[in-house]
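Novice: Sharing a model prediction with you, sequence too.
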Amino acid sequence: MISRSRFCSYSLSIAESKEKSDEEVEEADEPEVAEEEEEFDEEDIEAICDFCDELIQPNTMRERKQIMEDNSDAFIVVPGGIGTFEEFFEILTLKQLCRHNKPIAVYNINGYYDELNMVLIEAMKKNFIREDCSDLYEITDDLEKVFAYVENTESKIHTVKELKDG
């Protein structure tokens, strides 16, 4: 069974963010201007949050990441900001260092992670990251594939030497 506390933690931040943005819109004197950027439907992310069975509210980011690392059986990365990138790279690095062997799925809603994927591929081409590191995670825009990956994937066991120079 997959630990779902990370997803619920994300669900809470979506709800808080939505409440805050709704209040800001009501208080604004100027009419709302439509943005050209592609928006993410909350249903895309909420579909993952419906998968939750536990809610954990840690006091600090450090505590949150430790709880996530200790209690999760898999990780699903959804579109987010700097904190999401930092968490992704931390769990990816820990997997590269063989500290865990849990599936890492990147849910690429509306192509949000296309450029990040290109950066990782380019780093592999330039030999900054070993190509075997691409086995450490899965990027997909298909929600069913995300769940199939985290529930059914038996990750190839690597050694640190296979994944990192040194």
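Specialist: Received, thanks. Keep in mind it's a predicted model, so treat the numbers as computed, not measured.
Novice: per-residue pLDDT, the nearest residue to residue 129 once chain neighbours are set aside?
Specialist: The spatial neighbour of residue 129 that comes closest, neighbours along the chain excluded (Cβ to Cβ, 6 or more residues apart in numbering), is residue 123 at 4.4 Å. Using the backbone N, CA and C atoms, a C-beta is placed for each residue, glycine as well. Per-residue confidence for residue 123 comes out at a pLDDT of 95.
Novice: pretty sure residue 123 is in a strand, no?
Specialist: No. Secondary structure assignment places residue 123 outside any strand; it is helix (DSSP: H, G, I helix; E, B strand; the rest coil).
Novice: measure it to residue 133 for me?
Specialist: Using Cβ to Cβ, to the nearest Å, one gets 9 Å for the distance from residue 123 to residue 133.
Novice: Ok, residue 66 next?
Specialist: In terms of Cβ to Cβ, residue 66 sits 23 Å off from residue 133.
Novice: Have a look at those two and say which one is more surrounded.
Specialist: Neighbour totals were compared for residue 66 and residue 133, and residue 133 leads with 19 against 12 (other Cβ atoms under 10 Å).
Novice: my guess is that one contacts residue 89, does it?
Specialist: No. Proximity of residue 133 to residue 89 does not meet the contact threshold set by Cβ atoms under 8 Å, at 11.6 Å.
Novice: Counting neighbours, what do you get for the residue nearest to residue 129?
Specialist: Under the neighbour criterion other Cβ under 10 Å, residue 123 is assigned a count of 13.
Novice: And it, how close does it get to residue 117?
Specialist: The gap separating residue 123 from residue 117 is 11 Å, by Cβ to Cβ.
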